[in-house]
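Novice: Please find the sequence and the predicted model below.
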Amino acid sequence: MNARKKFRAIMAGSRLVLMPGAYDALSARIMEAEGFEAICAGGYAAIGSMLAQPDMGQSNMRDYADHYGRLASAVEVPVYVDADTGFGGVNNVRQMVRAFEAAGVAGVFISDQVFPNRCGYLPGKQVIPVEQMLAKIKAALDARRDGDFFIAGRTDAAGVEGPNAAIARCQLFMEAGADMAKPMGFDTIEEIKRAKREIPGPHMATLSQAAGNKKRNLEDLEAAGVVAATFPSIALFAAAHAVRHVLRILKRENSLTATFDHLLPLEDYYRLVGLKEMLAREESYDKESAALMQKRAAE
């Protein structure tokens with residue numbers, strides 16, 4: 001089963017699957033190595049890692065396609081990604097779907113914010129007319145070449161026009177053919193249960209550091225019928241914390257030795273990045289080439 005079929009199986013399931021958010025290929029590889037069945041990748045972590053800036057929509061489709069392509073090629077598990085607003089109108093959405101499909105991701109979600117898109121937890125959001133968003137969803141569905149490529153519509157209307165407007169938009173997204181519709185900002189169990197009742201299709205919860213220290217019990221999410229929970233910025237925040245911590249030790253102690261207990265062992269790093277396999281591959285090709293030359297010399 002390929003990654004896209006695996007992701008569709010997850011979204012059609014009944015158990016809660018945890019999807020941490022990768023900010024680069026190495027963090028994606030770590031998530032896969034730790035046994036996670038799928039991962040996500042969003043603009044918040046991408047902008048933080050690529051530009052060291054908050055997510056205010058300052059990157060472009062090609063940057064994201066390259067970024068997500070590196071993540072997807074580093075792992076075998078499905079990678080579900082943020083497509084912002086689709087990066088423009090319906091023709092931009094079409095290009096985005098084709099580029100992201102080629103990058104190898106399992107699926108995307110498209111936001112109904114005005115361009116430039118910003119993190120859904122930041123103030124100042126605006127949403128486009130629902131007719132424009134429905135056109136983008138239709139364009140995305142028509143553009144995909146692989147029917148298993150998962151396309152979701154996300155609305156930020158709850159924070160702009162209220163929860164009823166968000167529910168209504170999500171219902172229209174599903175009528176337009178989206179594989180999933182997500183009302184951003186429906187974070188409490190009560191809100192999630194309402195979304196499950198009133199919006200057809202699967203529900204994916206978002207547990208982001210950008211939302212603040214909201215405490216939600218994963219067992220409660222599963223009981224509410226949530227099939228996937230994303231943690232889009234958890235690795236980014238963990239990495240930033242770890243790097244800052246070890247650098248403070250280095251500066252304070254003026255000693256590399258003092259940092260040893262805070263670093264990944266060299267053997268673990270090489271195992272993670274596949275050094276043994278790469279060396280074996282080199283040796284195999286060298287032996288094949290040498291055998292070919294010996295054969296030619298003997299003729």
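Specialist: Structure's in. What do you need?
Novice: With Lys251 as the reference, measure out to His262.
Specialist: 13 Å (C-beta to C-beta, to the nearest Å). Where you see a C-beta, it was placed from the backbone N, CA and C, and this is true even at glycine.
Novice: Then Ile199?
Specialist: 51 Å.
Novice: More neighbours: these two, which one.
Specialist: Set Ile199 next to Lys251 and count neighbours by other C-beta atoms under 10 Å: Ile199 wins out with 22 against 9.
Novice: got a list of what the nearest residue to the more buried one once chain neighbours are set aside touches?
Specialist: Using C-beta to C-beta, 6 or more residues apart in numbering and skipping residues adjacent in sequence, the residue nearest Ile199 is Cys170, 4.5 Å away. Neighbour list for Cys170: 153, 155, 181-183, 195, 199 [criterion: C-beta atoms under 8 Å, 6 or more residues apart in numbering].
Novice: you'd agree Met204 is up against Phe231?
Specialist: No - contact criterion C-beta atoms under 8 Å: Met204 and Phe231 do not qualify, at 11.6 Å.
Novice: now the strands: where do they sit in this protein?
Specialist: All strands of the chain, identified by DSSP state E, fall at 17-20, 39-41, 79-82, 107-111, 150-155, 180-183, 204-206, 228-231.
Novice: how much space between Arg98 and Asp142?
Specialist: 11 Å.
Novice: now the stretch 101-250 of the chain, which segments are flagged as low pLDDT?
Specialist: The model of the stretch 101-250 of the chain has pLDDT under 70 over residues 118-123, 208-215.
Novice: Which residue ranges of it form helices?
Specialist: Assigned by DSSP state H, counting those that start in this stretch, the helices in the stretch 101-250 of the chain fall at 130-143, 163-175, 189-198, 218-223, 234-253.
Novice: export the ones you listed to CSV and tack on distance to Gly89?
Specialist: Listed next are the helices of the stretch 101-250 of the chain as CSV, based on distance: least, C-beta to C-beta, whole Å:
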stretch, distance to Gly89
helix 130-143, 8
helix 163-175, 17
helix 189-198, 28
helix 218-223, 35
helix 234-253, 30
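Novice: Tell me which of those lies nearest to Leu26.
Specialist: helix 234-253 (9.3 Å; C-beta to C-beta).
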